[in-house]
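Visitor: take this sequence and fold it.
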Amino acid sequence: MVLESIVKVNKPRQQSSSSLYCLRGLTPAQECCLDSTEETVCVWRSWFDITPVPVWVEDFSALAARFQELRSSGVTDIEAWIRANPAAVKAMAQQVQVVDANAAAVHLLGASDKSQLLGNLSIGFDETSYDTFAEELVKIARGERRFSVDIAAHTMRGEHKLLRMQWSTGAGHEDDLSVVFLSALDISDLVNTQADLKKALKAKDFFLREIEHRVRNTLTLIDSLLEMAAASSPDSKHLLYSIARRVDALAAVHDSLYQSEDPSLADLAECVGGSSRQAFHRCSEPGHVRLNLVLESASIPIEAAAPVALLTSELVAAFLAAFPQTAVLCVEAKKQADGSGYVAVATDAVLAPLDSPVPEGKLTDALVAQLHGSLVRQELDSGYKVSVTFPFFYPGR
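Guide: Numbering: from 1, shown residues only. Next up, the predicted model:
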């Protein structure tokens, strides 16, 4: 049966626990099924009592009259008046009468029977409830006749609950507010779960940042140990500096991750720029070569960040070793229009015939393969260029 509206039959207030209701807005066929008031009451009472949604029937007519008094006395901004008079808000809660409640409402508030819920609206309220009730009054004063509010309440057993209340007036009672229906959804568990998730995410973020911080410190320590070893072992200096340069490239990746809001993504420009500067610093003679960085910021998955940084470091070091006459070394990094990543290193040096391709080595080939990319060497009219193209997201990611 579709119930467009439910209105109260005129009965004495003291009989509110067994108030009679009739149905309005039924089709003629439905009306024929209701041959008497008793049958009408039976249909309403059956629906009201067995619905699993907590429902209250309340009388706000005293508040409607109070708002009218305020307007007549010259109060033009009732909303401001409500906010400025918290004591009046509590008094208004006493004026609202709960005239009926179903079994689901009794169960929700832990009452032994519904007689415990009947009376003024302050039943089940705590101090925090009145702030929400004030917002409810503001909506009513604005003329809203259907809205929802979240209100803190406590049960007869002393349990605290957060309820999402749907407030609506009965048809024909939009002005006098003598029939108001409220239904409730207990969102306590949802809110508590959300709070727990926020705490867990905060803790996870803290530990992740702590791990990243410790990794960066560890890389710095390793770099310092390599520097010390190189200083005391001249024969191994080149090898140790090569290892330190690669540690610097990994440190550049972790610097980017440490600043990223998403720990699974690094910034392409930061990874390439950081590793380029570190390699340039270690491998070039001061004042002889200028490093030119042309970098575009783009998010790159963590799986690709480390090999990109290491590959950039290898290319910069290889170019500086192969072309000592270089005046400007250019490093470029960007995300291309087709969504692929692009890193290139170029020199302006006038080339002599090369004995072997640059760069050369198993590490470079392995890094390109790890990126699922391709490496292209180009002899230019006035220089030499190596570029690497790779997908930003690995297959299956």
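
Visitor: ranges for the helices of this protein?
Guide: For the chain, applying DSSP state H gives helices covering 28-32, 37-50, 61-72, 78-84, 86-95, 103-108, 129-141, 188-232, 237-259, 268-283, 302-322, 362-370.

Visitor: other SSEs contacting the fifth one?
Guide: Taking 3 or more CB pairs under 8 Å, 6 or more residues apart in numbering; DSSP states H and E as the contact definition, the neighbouring helices and strands of helix 86-95 are helix 61-72, helix 78-84, strand 119-120, helix 129-141. In this view, the C-beta of every residue, glycine as well, is placed from N, C-alpha and C.

Visitor: ok, now which ones touch Ala252?
Guide: 270-271, 273-275, 278, 309 (CB atoms under 8 Å, 6 or more residues apart in numbering).

Visitor: related to what we said a few turns ago, could you look over the helices and strands packed on helix 86-95 and pick the most buried one?
Guide: helix 129-141 (a mean of 19; mean count of other CB atoms under 10 Å).

Visitor: what's the angle from that one to helix 86-95?
Guide: 80 degrees (axes from the mean of the first three to the mean of the last three CA atoms, to 10 degrees).

Visitor: ranking the contacts of Ala252 by neighbours, who comes first?
Guide: Using other CB atoms under 10 Å as the neighbour criterion, Ala309 leads the contacts of Ala252 with 33 neighbours.

Visitor: any idea how far that residue lies from Asp176?
Guide: Separation of Ala309 from Asp176 (CB to CB, to the nearest Å) stands at 73 Å.

Visitor: still on that earlier bit, wait, which of the helices of the chain is closest to Pro391?
Guide: Of all the helices of the chain, helix 302-322 sits nearest to Pro391, with 8.2 Å by CB to CB.

Visitor: just send the contacts of Ala252 back as CSV, with pLDDT and distance to Gln116 too.
Guide: Listed next are the contacts of Ala252 as CSV, based on pLDDT from 0 to 100; distance: CB to CB, whole Å:
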residue, pLDDT, distance to Gln116
Glu270, 93, 64
Cys271, 93, 66
Gly273, 93, 70
Gly274, 92, 68
Ser275, 93, 71
Gln278, 90, 73
Ala309, 93, 69
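
Visitor: can you tell me which of these is nearest Ser382?
Guide: Gly273 (24.6 Å).

Visitor: measure the closest one to Ala252 for me?
Guide: 8 Å.

Visitor: and if you look at Glu79?
Guide: For Glu79, the distance to Ala252 (CB to CB) stands at 57 Å.

Visitor: go on, Ala333?
Guide: Distance from Ala333 to Ala252, by CB to CB: 12 Å.

Visitor: what do you get for Asp49?
Guide: Using CB to CB, Asp49 is found at 69 Å from Ala252.

Visitor: cool, Ala195 as well?
Guide: Taking CB to CB, one finds Ala195 at 38 Å from Ala252.

Visitor: thinking again about what came up before, widest-spaced pair of the contacts of Ala252?
Guide: Across the contacts of Ala252 (CB to CB), the longest gap, 12.3 Å, separates Glu270 and Gln278.

Visitor: ok, Ala304 touching His372?
Guide: No. The criterion here is CB atoms under 8 Å, and Ala304 misses it with His372 at 9.0 Å.

Visitor: quick one: which of the two has more around it?
Guide: Ala304 (25 against 11).

Visitor: the more buried one - nearest residue in space that isn't next to it in sequence?
Guide: Leaving aside its sequence neighbours, Ala304 sits nearest to Leu371 (CB to CB, 6 or more residues apart in numbering; 6.0 Å).

Visitor: show the contacting residues for Glu135.
Guide: Neighbours of Glu135 in contact, by CB under 8 Å, 6+ apart: Val149.

Visitor: where does it land on pLDDT?
Guide: pLDDT for Glu135: 90.

Visitor: any idea how far the residue sitting nearest the centre point of the chain is from Ser188?
Guide: Centroid-nearest residue in the chain, with CA atoms, centre = their mean: Lys198, separated by 9.5 Å. Relative to Ser188, Lys198 is positioned 16 Å away (CB to CB).

Visitor: among the helices of the chain, which is nearest Lys385?
Guide: helix 302-322 (9.6 Å).

Visitor: what angle sits between that closest one and helix 268-283?
Guide: Interaxial angle, helix 302-322 versus helix 268-283 (the same axes, to 10 degrees): 30 degrees.

Visitor: now helix 302-322: buried residues?
Guide: Within helix 302-322, the residues scored as buried using 16 or more other CB atoms under 10 Å are 304-320, 322.

Visitor: kindly report the same for stretch 184-191.
Guide: Quick answer for stretch 184-191 (16+ other CB under 10 Å): Ala184.

Visitor: quote the end-to-end distance of that stretch.
Guide: 15 Å (CA to CA, to the nearest Å).

Visitor: neighbours of the closest residue to Tyr258 other than its chain neighbours, how many?
Guide: Nearest residue to Tyr258, sequence neighbours excluded (CB to CB, 6+ apart): Glu212, at 4.9 Å. Glu212 is flanked by 17 other residues according to other CB under 10 Å.

Visitor: so what's Glu212 up against?
Guide: Glu212 neighbours (CB under 8 Å, 6+ apart): 254, 257-258, 263.

Visitor: which residues touch stretch 254-267?
Guide: For stretch 254-267, contacts defined as CB under 8 Å, 6+ apart pick out 208-209, 212-213, 215-216, 219, 253, 270-271, 274, 297-302, 305.

Visitor: switch to 10 Å and redo it
Guide: Residues from elsewhere that reach stretch 254-267 (CB atoms under 10 Å, 6 or more residues apart in numbering): 204-205, 208-209, 211-213, 215-219, 252-253, 268-274, 295, 297-306, 308-309, 397.

Visitor: before we move on, the earlier item: quick one: which of the contacts of Glu212 is most hemmed in?
Guide: Leu257 (24 neighbours).

Visitor: from Ile211, how far out is that one?
Guide: Counting by CB to CB, the gap from Leu257 to Ile211 is 10 Å.

Visitor: do the same with Leu225
Guide: Distance from Leu225 to Ile211, by CB to CB: 21 Å.

Visitor: what of Ser284?
Guide: For Ser284, the distance to Ile211 equals 34 Å [CB to CB].
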